[in-house]
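Engineer: curious how this folds, go ahead:
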Amino acid sequence: RGGCVCWGAQRSKAMALKEADPSLGYLTRKETEVKLPRPTRVKNKTPAPIQITAEQILREARERQEAEIRPPKQKITDAEELGDYRLRKRKEFEDQIRRVRWNISVWVKYAQWEESQRDFARARSVWERALEVDYRNTTLWLKYVEMEMKHRFINHARNVWDRAVSLLPRIDQLWYKYIHMEEMLGNVAGARQIFERWMKWEPDHHGWSAYIKFELRYNEAERARAIFNRYVECLPTVKAWVKYAKFEVKNGEIARGRQCYERAVAQLGEDGQSQELFVAFAKFEEHCKEIERARCIYKYALDHIPKGQAEDLYKTFVAFEKQYGDRGGIEDVILGKKRFQYEEEVKKNSLNYDVWFDYARLEESAGVKERVREIYERAIANVPPAEEKRYWQRYIYLWINYALYEELEAEDMERTREVYRECLKLIPHKKFSFAKIWLLAAQFEIRQKKLKAARLLLGNAIGIAPKDKIFKTYIEIELQLGNIDRCRTLYEKYLEWAPANCYAWSKFAELERSLGETERGRAIFELAIAQPVLDMPELLWKAYIEFEISEGEHDRTRQLYERLLDRTKHLKVWISYAKFEATAPLEEESRAEAESREPDLNILREQNMQRLTQSRVVFDRANECLRTLDQKEERNMLLEEWRDMEKNFGDIGDIPMVQRKMPRRVKRKRPLVNEDGTSAGYEEFTDYIFPEEAGMQPTLKILEAAYNWKKQKTETDED
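Structural biologist: Sure thing, here's the model as predicted:
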């Protein structure tokens, strides 16, 4: 039975250890579980007759709170009690350490308690045990040494520092504290030895700077210079070299300082050089009143450092030139700064042609031809990636500006001709072309008095990429030169290429009329209106009619109007026809003017009446035609024009006759239907009731009466 009890106890202990949680100090979840009282069920949820606030509840709870139970103060009177107290505290600390061995704060409290009991041997033992747990913890080493130093155990402290820096040589704080202790003790040689041990590990800039400052505190300039030499060999950076040079300058060694900067430029090479080094070097020379040396350094730096890494360098150079340079130098610096900005932008996007325009304009303002040509050549080398005209529209102006610069500024005509030639070769004329380039190239040849070359260019343009603008300009040039046969040939080519172009037909006929070739002009118009497709036929007919009117051919004009009305019954054609009849010239006026006499008023009145009658006939035909086509609004406009015409004829006009034909305006509503066929409400529109529709008047009156009755009834119901 005893064996069974022992086995059961061991089993329960093993289960307890298995369930123990290290984060809870090896207590089980069940032991640390907080059991809250079971909430009572409220049966009566009606509000109490007396209501209290949360503030009253808190105040009463505070008043009824019992005083805090504090343990009594213990006073130790003899050595036996002190021993019991120490034993009890040590047992508590040891128990805590057994539970949470990895918790460094427990070790620190234990060691500090032993220190407070003045038992330094035990305190050291605790620190050593803690270091066995985690020797990488810097705080343990620092507190351990702090205890030794506070109680003036110097050798113990040195031993601890030696062990610390040997085990953790990359922790700079340990080296700093160790050296500080030796320096406070006046052991300068020992501190120097510690620095030397530290430098073997090649620390960062702060470690070397601390060693140099240590030597300078004791006025050891030569030692500091030797350390600087080792420093720049260990860490060959701009920061180290600049510190070395400033050290020499501070000690009054100007030549040594310059030598440091020169060594830095030579040893770092192009990869290690930066704007900080050159700015510091230039400021050093500026401080030494060597202005030309400083300017040369700035220029060398700007030539060798990448543009994206030299922003501060440019700003410093601009400030330097403003202070020491002349006007030309300042302008050169500003130009250089702008060049730098443009270079950065074209590096980001070489197809940004606006930047190239600004860059070329900048170089043109500087006036250096070679640089301008270089920029233009670089710009035109960035051909658009796709053969679509919208991508080429900005690009083509680079070629235009390049050619204009060569002609106007550089005055190199052969180079200008070459620019135009290369541009025309580059453009994919089968897909699209630019009339502007052809015309500029031809006009350039004309300015050079090479008419044959200009004609050759324009002829090639018409053959390769014909355009309206090219034909118009070529014809205008030949017309100014008086080459009529060439103009006719060009118009023929123009019309072969674009037979539907009414502008070309009209201008061709106008040319023949200006030359007195009326029949040729009339024949051209006849060919034009016979074309199956025209882009603007109304303009062509209008030009043909005006042509016949200007020639005094009224019968031909009437025939033209009749032919036009066979094709279209448009309102404007009818009105134009009627106005032509109303404004036709009177024969009596022409005869009297030719015979140099006063016209006969009776004959004038008769001819005027004939003119009015013919105009009325046209208006009447138009009115009947529009009535047949059921175009009420156009018919109303026609009658208004007719009425105005009758007013213009004065006493022989018959305004009441037209007034009787005028319609009456009526506002109506019509349903609106959506695309899917559903109703969308009603819209109001203006309708015209003409006199011949008088048969519908009774129905309209009945509808109007019904509307008034409904309106009156609605008002009565509202009252």
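Engineer: list the buried residues for the helix ranked longest in the chain?
Structural biologist: Determined from DSSP state H, the single longest helix within the chain is helix 601-629. Going by neighbour count (16 or more other CB atoms under 10 Å), the buried part of helix 601-629 is 607-608, 611-612, 614-616, 618-619, 622-623, 625-626. C-beta: built from backbone N, CA, C; applies to glycine.
Engineer: a markdown table please, covering the residues you listed and showing pLDDT.
Structural biologist: Shown next, in a markdown table, are the buried residues of helix 601-629 (pLDDT from 0 to 100):
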| residue | pLDDT |
| --- | --- |
| Q607 | 77 |
| N608 | 79 |
| R611 | 82 |
| L612 | 83 |
| Q614 | 86 |
| S615 | 86 |
| R616 | 87 |
| V618 | 87 |
| F619 | 87 |
| A622 | 86 |
| N623 | 87 |
| C625 | 88 |
| L626 | 85 |
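Engineer: report the two of these separated the most.
Structural biologist: Using CB to CB, these span at most 29.0 Å, a distance reached by Q607 and L626.
Engineer: checking the nearest residue to D412 once chain neighbours are set aside next. Helix, strand or coil?
Structural biologist: Residue nearest to D412 in three dimensions, not counting chain neighbours: E406, with 5.1 Å by CB to CB, 6 or more residues apart in numbering. For E406, the assignment made with DSSP: H, G, I helix; E, B strand; the rest coil gives helix.
Engineer: which pLDDT value goes with E406?
Structural biologist: Note on E406: pLDDT of 90.
Engineer: cool, G2 as well?
Structural biologist: pLDDT recorded at G2 is 41.
Engineer: and if you look at M536?
Structural biologist: The per-residue pLDDT reported for M536 equals 88.
Engineer: before we move on, which element is A680 in?
Structural biologist: Secondary structure assignment for A680, by DSSP states H and E: strand 679-689.
Engineer: in its sheet, what does that strand sit against?
Structural biologist: Next to strand 679-689 in the sheet, as set by DSSP bridges, lie strand 664-673 (antiparallel).
Engineer: show me what counts as buried in the strand it pairs with.
Structural biologist: Buried-residue list, strand 664-673, by 16+ other CB under 10 Å: empty.
Engineer: and stretch 80-96, by the same measure?
Structural biologist: Residues of stretch 80-96 classed as buried by neighbour count (16+ other CB under 10 Å): 86, 90, 93, 96.
Engineer: please flag which of these sit within helices.
Structural biologist: Among the buried residues of stretch 80-96, the residues falling in helices (DSSP H) are 86, 90, 93, 96.
Engineer: what's the spacing between the third one and L457?
Structural biologist: To tie it back to what came earlier, the one meant is F93. 106 Å (CB to CB, to the nearest Å).
Engineer: which ones are touching K493?
Structural biologist: Counting by CB atoms under 8 Å, 6 or more residues apart in numbering, K493 makes contact with 462, 466, 471.
Engineer: those in strands, which ones?
Structural biologist: Among the contacts of K493, DSSP state E puts none in strands.
Engineer: can you put these in JSON lines and add pLDDT, neighbour count and distance to W107?
Structural biologist: Compiled in JSON lines, the contacts of K493 are given as follows (pLDDT from 0 to 100; neighbours: other CB atoms under 10 Å; distance: CB to CB, whole Å):
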{"residue": "I462", "pLDDT": "90", "neighbour count": "18", "distance to W107": "101"}
{"residue": "P466", "pLDDT": "90", "neighbour count": "16", "distance to W107": "98"}
{"residue": "F471", "pLDDT": "90", "neighbour count": "24", "distance to W107": "101"}
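Engineer: now these as TSV including distance to A680?
Structural biologist: Below are these laid out as TSV (distance: CB to CB, whole Å):
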residue	distance to A680
I462	55
P466	51
F471	51
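Engineer: so which of those residues comes closest to D312?
Structural biologist: Using CB to CB, the contacts of K493 come closest to D312 at P466, 57.5 Å.
Engineer: ok, the residue nearest to the closest one when sequence neighbours are not counted to A465 distance?
Structural biologist: Using CB to CB, 6+ apart and skipping the chain neighbours, the partner closest in space to P466 is W497 (4.9 Å). Separation of W497 from A465 (CB to CB): 11 Å.
Engineer: and for D651?
Structural biologist: D651 sits 64 Å away from A465, taking CB to CB as the criterion.
Engineer: which of those two has more neighbours?
Structural biologist: The neighbour count for D651 versus A465, taken as other CB atoms under 10 Å, is higher for A465 (20 against 5).
Engineer: just the pLDDT at the more buried one, thanks.
Structural biologist: 87.
Engineer: do the same with T77
Structural biologist: With respect to pLDDT, T77 has a value of 80.
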